[in-house]
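K.L.:
take this sequence and fold it.
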Amino acid sequence: MGLVRKLRVTQRAMERAMLGVSLRDQIRNEEIRRRTRITDMAQRVAKLKGQCAGHKARRTDGRWGLKVLEWRPAPVSAA
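P.N.:
This next block holds a predicted model:
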């Protein structure tokens, strides 16, 4: 089971607990998300990851983050 899937399952379980709803009630995840009005954590993490990369790419103070993003390996020569 992937990390993102585990995160989503855990978040849904917490939302169900907040509402006092069990799996036996057979309420769809979309309905639970509508009731709690909580954003999906996997989507939030992906958005923050992109924002962080953009922030690092805009740095101009000479730190290694931008150098790593722009680095290109040297071609390998055949021996």
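
K.L.:
neighbours of residue 71, how many?
P.N.:
Neighbour count for residue 71, taken as other CB atoms under 10 Å: 8. For every residue, glycine as well, the C-beta is placed using N, CA and C.

K.L.:
against residue 64, how distant is it?
P.N.:
Distance, residue 71 to residue 64, by CB to CB, to the nearest Å: 10 Å.

K.L.:
same check, this time on residue 51
P.N.:
Using CB to CB, residue 51 is found at 19 Å from residue 64.

K.L.:
report the central residue of the chain.
P.N.:
For the chain, the residue sitting closest to the mean C-alpha position, by CA atoms, centre = their mean, is residue 45 at 2.7 Å.

K.L.:
measure it to residue 4 for me?
P.N.:
From residue 45 over to residue 4 (counting by CB to CB), the distance is 8 Å.

K.L.:
one more: residue 57?
P.N.:
Distance of residue 57 to residue 4, given as CB to CB: 24 Å.
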